[in-house]
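**Q** take this sequence and fold it.
(one chain, ligands or ions: 1)
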Amino acid sequence: MAETFSFKLIAIDGKARRGVISMPRGEIRTPAFMPVGTGGTVKAMYMDQVRGVGADIILGNTYHLMLRPGAERVAKLGGLHEFARWPHPILTDSGGFQVMSLSKLRKLSEKGVTFRSHIDGAPYEMSPERSIEIQGLLDSDIQMQLDECTALPAKPTEIERAMELSLRWAERCKTAFGDQPGKAMFGIVQGGDSAVMRVRSAQALKAMDLKGYAVGGLAVGEPQAVMLEMLEITCPELPANRPRYLMGVGTPDDILKSVARGIDMFDCVMPTRAGRHGLAYTRRGKINLRNARHADDPRPLDEESDCPAARDYSRAYLHHLVRSQESLGAMLLTWNNLSYYQKLMQDIRAAIEAKAFETRAAEISEGWARGDI
Ligand SMILES: CC(C)(C)OC(=O)NCc1c[nH]c2nc(N)[nH]c(=O)c12
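**A** Predicted structure coming up:
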């Protein structure tokens with residue numbers, strides 16, 4: 001294990017990068033997909049299964065954990081890794097985005113955000129400093145700056161205000177984080193769908209010489225083409241020797257196309273949330289197990305998969321579980337989906353090493369389109 005945070009590029013194929021982040025709690029093979037473990041749990045999964053499907057790192061949320069069970073309480077119990085029994089790296093989101101999308105009566109100012117909990121209405125305030133303090137109490141390995149994510153579409157003046165505020169908050173988070181060699185604080189590029197704002201945000205964050213850079217404020221409802229265009233504008237402005245993390249993204253297709261534009265890290269609720277709603281991701285495309293057409297189908301989701309959830313259970317059985325709202329339905333489909341996403345990342349990493357990413361990406365996409373599922 002490494003004493004300090006470091007990122008090494010192993011291979012480059014076009015703009016796609018194969019790398020590895022080394023930290024005291026372990027290595028993160030990039031491009032990486034981070035299963036979302038919002039409240040300190042990856043819903044419907046045991047942590048050893050999460051590790052078993054190949055995840056090197058999971059995501060936790062400052063907002064949810066500060067409200068319940070409380071950051072100080074988690075710290076007293078030994079930190080989030082001990083609490084949730086996940087000894088590998090954890091990246092925590094800073095909470096700003098969740099405050100704006102989940103809480104009630106929120107008020108945003110230069111100081112930070114004040115809001116009421118969506119759970120019990122209790123009042124809270126979250127400053128850049130408090131966000132970093134909470135992420136420290138959770139003993140998070142990669143901590144995100146507090147930012148303001150603008151929903152799209154938005155007026156240019158609104159996009160500029162939020163982007164500039166986020167830059168001032170990045171400075172304050174960097175100061176609050178201080179010097180912690182075994183951990184990292186990432187900045188978040190904002191700027192909506194404005195090329196000028198995206199460049200200004202990326203250049204200002206680069207000047208802060210942070211250990212990693214996230215691209216935020218995308219996948220907020222804009223077409224995929226706009227998201228990809230913003231990546232083509234933003235990534236070249238970021239230092240090549242630092243990880244780039246596209247927040248909240250995405251579908252397997254989003255991931256392929258974003259890796260092709262220089263992204264190294266992803267997180268998305270898609271595989272876990274879809275699993276709880278009866279949707280299976282496979283190399284042949286998506287299957288909605290709620291659909292009656294599966295009621296008598298003896299085939300597994302994917303006979304070639306090494307994941308028991310994909311290989312050992314009939315679609316008929318999965319359909320039955322989903323229709324009966326049995327917990328095992330959510331468990332097996334979440335297991336299948338996370339396994340598929342990690343297999344996709346493994347496939348992507350190998351293709352970049354073999355300098356065959358473009359060809360492999362096309363083959364993977366064709367597999368989804370075949371539709372003989
Ligand atoms: C709508 C979904 C969640 C798919 O994507 C986004 O909103 N994407 C943006 C996003 C996700 N998580 C973030 N965290 C922070 N601090 N800032 C952000 O901009 C984001």
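
**Q** quick one, helices of the stretch 51-200 of the chain?
**A** 62-67, 71-76, 80-84, 96-102, 128-137, 156-177, 195-207 (DSSP state H, counting those that start in this stretch).

**Q** quick one: end-to-end distance for stretch 106-122.
**A** Start and end residues of stretch 106-122 are separated by 12 Å (C-alpha to C-alpha, to the nearest Å).

**Q** now that stretch, how far from the chain's geometric center?
**A** 24 Å (C-alpha atoms, centre = their mean, to the nearest Å).

**Q** quick one: contacts of that stretch?
**A** Residues from elsewhere that reach stretch 106-122 (C-beta atoms under 8 Å, 6 or more residues apart in numbering): 67-68, 96, 99-100, 102-105, 123-128, 130-131, 146, 148, 165, 168-169. Any C-beta I mention is one placed from the backbone N, CA and C, and that applies to glycine too.

**Q** one more time with 7 Å, if that's ok
**A** Stretch 106-122 has contacts (C-beta atoms under 7 Å, 6 or more residues apart in numbering) with 67-68, 96, 99-100, 102-105, 123-128, 130, 146, 148.

**Q** how about stretch 33-46?
**A** By C-beta under 7 Å, 6+ apart, stretch 33-46 touches 50, 55, 57-61, 64-65, 80, 83-84, 91, 265-269, 272, 275-276, 330-331, 334-335, 338, 341-342, 345.

**Q** over to stretch 13-28?
**A** 1-3, 5-11, 29-30, 56-57, 87-89, 141, 182, 243, 259-262, 264, 349, 352-353, 355, 357-358.

**Q** now swap in stretch 284-293 and tell me
**A** 278-280, 301, 315, 318-319, 322-323, 333, 367-368, 370-373.

**Q** show the buried residues in the residues you listed.
**A** G278, L279, A280, L301, R315, L318, H319, V322, R323, L333, W368 (16 or more other C-beta atoms under 10 Å).

**Q** mind picking the two most distant members of the residues you listed?
**A** R323 and W368 (25.1 Å; C-beta to C-beta).

**Q** all the helices of the stretch 251-373 of the chain, residue numbers only.
**A** Using DSSP H, counting those that start in this stretch, helices in the stretch 251-373 of the chain cover 252-259, 270-276, 308-311, 315-323, 327-353, 357-369.

**Q** the ligand contacts on the stretch 1-150 of the chain?
**A** D93, S94, G96, F97, M144, D147, C149 (C-beta under 6 Å from any ligand atom).

**Q** pLDDT score assigned to the last one?
**A** Per-residue confidence at C149 stands at 91 (pLDDT).

**Q** around it, count how many other residues there are.
**A** Applying other C-beta atoms under 10 Å, we find 22 residues neighbouring C149.

**Q** wait, what's in contact with it?
**A** G96, F97, M100, Q190, G216, G217, V220.

**Q** between those residues, which is closest to the ligand?
**A** In terms of C-beta to the nearest ligand atom, no member of these lies closer to the ligand than G216, at 2.7 Å.
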